[in-house]
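Participant: curious how this folds, go ahead:
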Amino acid sequence: MRKIKAGKRGEVTKYVSRAKAIRKLQLSLKDFRKMCILKGVYPREPPKKLKRTSKTYYHLKDINFMSLDPIIEKVRAQKAHIKKYKKAKAKGDVGKIQYLAKHKPRMSMNHLVR
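Facilitator: Just a heads-up that it's a prediction; the model follows:
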């Protein structure tokens with residue numbers, strides 16, 4: 001009979017730490033906090049503390065819900081745009097700076113408002 005590894009079954013699988021959630025969503029901590037506020041996702045207290053008592057845990061269902069949101073793609077596009085703009089500014093490429101200033105990605109939050 002095989003032994004079941006710890007953290008593979010039961011209540012433990014329903015929760016994920018903040019660090020793991022950030023890695024899964026591929027966001028910075030600042031962007032993760034913004035997304036949590038926009039989507040109404042709050043940290044939860046697991047019935048049994050999983051590994052450490054000092055960690056912040058989120059419901060895995062909430063994190064999966066956030067991963068499907070189109071705002072995450074917009075946040076990533078904005079970050080890429082900022083990097084491109086800074087690079088063009090450092091090089092002194094006036095044409096590209098003007099182009100990037102006109103074609104800034106816009107974030108629509110229409111699907112959040114009911």
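
Participant: the strand or helix carrying Ile72 - what's its average pLDDT?
Facilitator: Using DSSP states H and E, Ile72 sits in helix 70-91. For helix 70-91, the mean per-residue pLDDT is 94.

Participant: could you do stretch 11-19 as well?
Facilitator: The average pLDDT for stretch 11-19 rounds to 87.

Participant: run through who's touching that stretch.
Facilitator: 6-7, 24, 32, 43-44, 46-48, 50-51, 55-61, 63 (CB atoms under 8 Å, 6 or more residues apart in numbering). Any C-beta I mention is one placed from the backbone N, CA and C, and that applies to glycine too.

Participant: out of the residues you listed, which end up buried?
Facilitator: Using 16 or more other CB atoms under 10 Å as the burial test, the contacts of stretch 11-19 include Phe32, Leu50, Tyr57, Tyr58, His59, Ile63 as buried.

Participant: give me phi/psi at the fifth one?
Facilitator: The phi and psi torsions at His59 (degrees, to the nearest 10) take the values phi -70, psi 130.

Participant: who does it bridge with?
Facilitator: Tyr15 (DSSP bridges).

Participant: wait, doesn't it sit right on Arg44?
Facilitator: Yes: counting by CB atoms under 8 Å, His59 does reach Arg44; the two are 5.3 Å apart.
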